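> Got a sequence here, can you build the structure:
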Amino acid sequence: MPATITKDMTLTEIIDQVPAAPDIMLDYGLHCFGCAFNGYETLEQGILGHGMSEGDLETILRELNEASEDLPTLTVKGITLTERALRKIEDIQEEESKTGWLLQVDFLKNEQGDRDFFLDFIEAPKKTYTPIRFESITLVFPTKAVKSLEGLQIDYTTIGGEEGFRFVTKKS
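Okay, the predicted model is just below:
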């Protein structure tokens with residue numbers, strides 16, 4: 001179900017729901033996704049605070065909502081993989097001659113209590129890992145963590161010229 005983005009949502013909420021949001025904001029010269037206040041400032045406050053008009057707000061809001069609708073996803077065991085991420089994993093597998101290999105997903109909790117994720121191609125899973133198949137690829141997760149990862153969305157994004165996988169935990 002696509003997100004409904006409103007002008008009253010915080011920038012962090014929007015970025016969490018629409019992985020393309022930073023790219024859209026950059027197209028308008030907004031760097032709000034990197035601002036220390038993005039967890040407190042609404043989209044409307046950010047746009048109007050940068051001297052943009054109500055018309056700009058409506059345009060950006062429309063683009064954000066369109067981007068949220070254009071995000072095909074696959075969800076298995078409560079973990080969501082976007083089509084973009086799936087295709088990127090397939091591309092990397094092919095480039096590295098690892099087609100058919102599994103992608104092991106591990107994480108550590110950082111000082112803020114958030115998870116830092118790590119990815120590595122492996123030929124066979126360890127006994128303490130659970131494989132989850134998404135179309136042509138299989139991700140393996142630590143078995144003891146699978147339940148706690150429900151609501152996790154994995155996407156592949158480009159933000160400010162930097163590319164990478166993005167892991168966002170959706171709150172139910």
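
> Can you pull out the low-pLDDT segments for the chain?
Low-confidence segments of the chain (pLDDT under 70): 1-3, 32-34, 36-37, 69-72, 159-161, 170-172.

> and after the top helix by length along the chain, which helix or strand comes next?
Identified as the longest helix of the chain according to DSSP state H is helix 54-69. Of the helices and strands lying after helix 54-69 in sequence (DSSP states H and E), the nearest is strand 73-76.

> Could you give me the buried positions within that following strand?
73-74 (16 or more other C-beta atoms under 10 Å). For glycine as for every other residue, the C-beta is placed from the backbone atoms N, C-alpha and C.

> Residues touching it, excluding its own?
The contact list for strand 73-76 (C-beta atoms under 8 Å, 6 or more residues apart in numbering) reads 80-83, 86, 132-135, 153.

> from the middle of its chain, how far away would it be?
Strand 73-76 sits 13 Å away from the centroid of its parent chain (C-alpha atoms, centre = their mean, to the nearest Å).

> Would you give the sheet partners of that strand, along with the direction of each?
For strand 73-76, the pairing partners within the sheet under DSSP bridges are strand 79-82 (antiparallel).

> and the helix or strand following the strand it pairs with, what other elements does it pack with?
Next in sequence after strand 79-82, counting helices and strands by DSSP H and E, comes helix 83-95. Helix 83-95 sits against strand 73-76, strand 137-142, strand 152-159, with contacts defined as 3 or more C-beta pairs under 8 Å, 6 or more residues apart in numbering; DSSP states H and E.

> Can you give me the buried ones in the last one?
In this case it means strand 152-159. Buried residues in strand 152-159, counted by 16+ other C-beta under 10 Å: 152-157, 159.

> Would you reformat those as JSON lines and include distance to Thr99?
Listed next are the buried residues of strand 152-159 as JSON lines, based on distance: C-beta to C-beta, whole Å:
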{"residue": "Leu152", "distance to Thr99": "25"}
{"residue": "Gln153", "distance to Thr99": "25"}
{"residue": "Ile154", "distance to Thr99": "19"}
{"residue": "Asp155", "distance to Thr99": "22"}
{"residue": "Tyr156", "distance to Thr99": "18"}
{"residue": "Thr157", "distance to Thr99": "24"}
{"residue": "Ile159", "distance to Thr99": "28"}
